[in-house]
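Undergrad: When you get a sec, could you give me coordinates for this:
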Amino acid sequence: MIQYFIMSDIHARYNLLIKALNKADFNLENIEHIIIIDGDVLDRGTAGDNTIRYIEKLIEKKRVIGVLGNHDLFLIDILKGTYKLDEVLWNISKNGFIETLQLGFSYDIHKDEITEQFIEEFRETFKNKYQVFVDWIMNLPLYLEYENYVIVHGFIDFSLKNWRDTNENFAIWERGYNRKIPKKFNKLLVFGHTPNHNINNQNDIIYNGKKIMIDGGAASNHQINVLKLTENEI
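TA: Numbering: from 1, shown residues only. Predicted structure coming up:
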């Protein structure tokens, strides 16, 4: 039976990733073990290369599914050439993006070096170095819908007539831990984006009605949570 191992907000913390998967009894060689990454693979942590290489193994085995996170979009905008330099500089200052840019260079880089020419050099190097990962991350959906669960990075816009029309900005940026889910929504909603220690001063998964919050605070080097569901449960 297929088992899904759902996690979010890895933030290039490779050691926390492996620790969490080992604790959850994930087996890299078991074809029925599937990882779902609920956004934010990189930034902040310094083990981006190891993290990407591990995910590439899973991609090649067809054993990983992803959902778009806000930090993923920082990278995608550069890969697509749709970035704005001032936003890149903001993400370096506020969102740990320099650790991702560092993956494109063999020497230590600094914020004052970042120009459009620098970013273009990074883009070409990164695309060549991590082609499998690039193809994967460039095609991440906003959410995953199953019979009993919906998985999104930020939150779903339930003010819409059809929540499936939630736009990208809302899905990846909205912090839904204080928002209500309508009674007519007959699924459980899994999301990350907000570290749980910012919600209730602890790092484990939070279960609150139809909401399941899984961000264990890896961005601050706390932990990565794994929500395990079988194919019959999800």
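Undergrad: show me what contacts the residue most central in space within the chain?
TA: Centrality entry for the chain: nearest residue to the mean C-alpha point is G39, 1.7 Å, by Cα atoms, centre = their mean. Applying Cβ atoms under 8 Å, 6 or more residues apart in numbering to G39 gives the contacts 8-9, 66-72, 153-154, 172, 192-193. Bear in mind the C-beta positions are built from the backbone N, C-alpha and C, glycine included.
Undergrad: just W163 next, same as before
TA: I156, D157, F185.
Undergrad: Give me the buried subset of those.
TA: Those of the contacts of W163 that meet the buried threshold are I156, D157, by 16 or more other Cβ atoms under 10 Å.
Undergrad: Let's have the contacts of W163 in TSV, adding pLDDT and distance to I76.
TA: Below are the contacts of W163 laid out as TSV (pLDDT from 0 to 100; distance: Cβ to Cβ, whole Å):
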residue	pLDDT	distance to I76
I156	98	21
D157	98	21
F185	98	29
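Undergrad: And the contacts of W163, which is closest to N198?
TA: Closest approach to N198 among the contacts of W163 (Cβ to Cβ): I156, at 20.1 Å.
Undergrad: residues near the closest residue in space to T100 that isn't next to it in sequence, how many?
TA: Spatial nearest neighbour of T100, excluding adjacent residues (Cβ to Cβ, 6 or more residues apart in numbering): L42 at 4.6 Å. Neighbourhood size, L42 [other Cβ atoms under 10 Å]: 25.
Undergrad: For L42, give me the pLDDT.
TA: On pLDDT, L42 comes in at 98.
Undergrad: Next, give phi and psi for it.
TA: Torsion angles at L42 (phi, psi; degrees, to the nearest 10) stand at phi -120, psi -170.
Undergrad: how much space between it and S159?
TA: Per Cβ to Cβ, to the nearest Å, L42 is found 31 Å from S159.
Undergrad: Can you list the residue ranges for helices in this structure?
TA: 14-23, 48-60, 70-80, 85-95, 98-101, 116-129, 131-137, 168-173, 197-200 (DSSP state H).
Undergrad: Most tightly packed of those helices?
TA: Of all the helices of the chain, helix 98-101 has the most neighbours on average by mean count of other Cβ atoms under 10 Å, namely a mean of 22.
Undergrad: That helix - what's its average pLDDT?
TA: Rounded mean pLDDT across helix 98-101 is 98.
Undergrad: what helices or strands is it leaning on?
TA: Applying 3 or more Cβ pairs under 8 Å, 6 or more residues apart in numbering; DSSP states H and E, we find helix 98-101 packed against no helix or strand.
Undergrad: which other residues reach it?
TA: Residues contacting helix 98-101 (Cβ under 8 Å, 6+ apart): 12, 42-46, 48, 74-75, 92, 109, 111, 114, 119, 122.
Undergrad: hmm, back to that, in TSV, list the contacts of G39 along with distance to D86.
TA: Listed next are the contacts of G39 as TSV, based on distance: Cβ to Cβ, whole Å:
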residue	distance to D86
S8	28
D9	25
G66	28
V67	27
L68	22
G69	21
N70	17
H71	18
D72	20
H153	24
G154	23
I172	20
G192	27
H193	23
